[in-house]
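Trainee: Sequence plus the predicted model coming up.
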Amino acid sequence: MIKDQLLAIKSTLPDHVTLVAVSKTKPDEDLIEAYEAGQRIFGENKVQEMVGKWERLPKDIKWHMIGHLQRNKVKYMAEFVDLVHGVDSFRLLVEINKRAEKLNRSIDCLLQIHIAEEDTKFGLDEEELNTLLKSDKYRQLQHVNVVGLMGMATFTDNETQIRREFKHLKSIFDAIQTENEQIKILSMGMSGDYKIAIEEGSTMVRIGSSIFGKRNY
């Protein structure tokens, strides 16, 4: 079932859109089924769970940290994480840089932008984003690569609102991309809204329940 659902979704994605299979709470055997169907990028939202899976599962898997990340957890995943989606503060970026420097590597990051009307979502606003990218302190960070933006729309059935929020994030993305050529990824869209996100310019979607079924809590 996982294989069939994964391949069905992949068949609908444009070539320029990367699929992150959100495997949080799922057992290793579910990930292996997706892996054997060709999936290599998996997203986790808890560092401890991701570390365990990294230790047990094939080493050519690319692990994306997609949840809210606390600074004191960065050290546990700095050795292997491929992309951090939710960098929502400069202090977190500094911590990732520090841990990556100790390992003599660079870690790719997406800056999370707050676009939803819900107060529960984390992220920078447009002014904070521009201030960060233009600051000398940011330019001194040699071991993080900010390669794009990420955002989550409001959890609602109102497609007009969702589309408006994604459109807003795309406009921010376009504006900063003109001055920052390394900005290439726009991560927006999950199981319930990824088709709208792609229509509005997403290049990376995070899909979990539509592949693996409901979460195990």
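Mentor: Perfect, thanks for sending it.
Trainee: For the rest of this, base every contact and every neighbour count on C-alpha atoms.
Mentor: OK.
Trainee: State whether Asn97 is indeed within a helix.
Mentor: Yes: according to DSSP: H, G, I helix; E, B strand; the rest coil, Asn97 belongs to a helix.
Trainee: show me where this structure has strands.
Mentor: 18-22, 41-44, 62-65, 83-87, 107-112, 144-150, 185-187, 204-207 (DSSP state E).
Trainee: Including mean pLDDT, could these go into TSV?
Mentor: What follows is the strands of the chain, written out as TSV (pLDDT from 0 to 100):
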stretch	mean pLDDT
strand 18-22	98
strand 41-44	98
strand 62-65	98
strand 83-87	96
strand 107-112	98
strand 144-150	98
strand 185-187	98
strand 204-207	98
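Trainee: Export those as a markdown table, with columns for distance to Leu133 and mean neighbour count.
Mentor: Below are the strands of the chain laid out as a markdown table (distance: least, C-alpha to C-alpha, whole Å; neighbours: other C-alpha atoms under 10 Å):
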| stretch | distance to Leu133 | mean neighbour count |
| --- | --- | --- |
| strand 18-22 | 25 | 23 |
| strand 41-44 | 26 | 23 |
| strand 62-65 | 22 | 22 |
| strand 83-87 | 13 | 24 |
| strand 107-112 | 10 | 23 |
| strand 144-150 | 9 | 23 |
| strand 185-187 | 16 | 25 |
| strand 204-207 | 22 | 23 |
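Trainee: Same list (those) but as JSON lines, adding distance to Ser11.
Mentor: As requested, those are arranged in JSON lines below (distance: least, C-alpha to C-alpha, whole Å):
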{"stretch": "strand 18-22", "distance to Ser11": "11"}
{"stretch": "strand 41-44", "distance to Ser11": "16"}
{"stretch": "strand 62-65", "distance to Ser11": "21"}
{"stretch": "strand 83-87", "distance to Ser11": "24"}
{"stretch": "strand 107-112", "distance to Ser11": "26"}
{"stretch": "strand 144-150", "distance to Ser11": "23"}
{"stretch": "strand 185-187", "distance to Ser11": "19"}
{"stretch": "strand 204-207", "distance to Ser11": "14"}
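Trainee: Tyr138 is nearest to which of these?
Mentor: Minimum separation from Tyr138 across the strands of the chain (C-alpha to C-alpha) falls at strand 144-150, 9.6 Å.
Trainee: From the rest of the structure, what touches that closest one?
Mentor: Identification of contacts with strand 144-150 by C-alpha atoms under 8 Å, 6 or more residues apart in numbering yields 85-86, 93, 96-97, 100, 106-113, 173, 182-188.
Trainee: re the thing from before, indicate which one of the strands of the chain is closest to Thr178.
Mentor: When these are compared by C-alpha to C-alpha, strand 144-150 sits nearest Thr178, at 12.4 Å.
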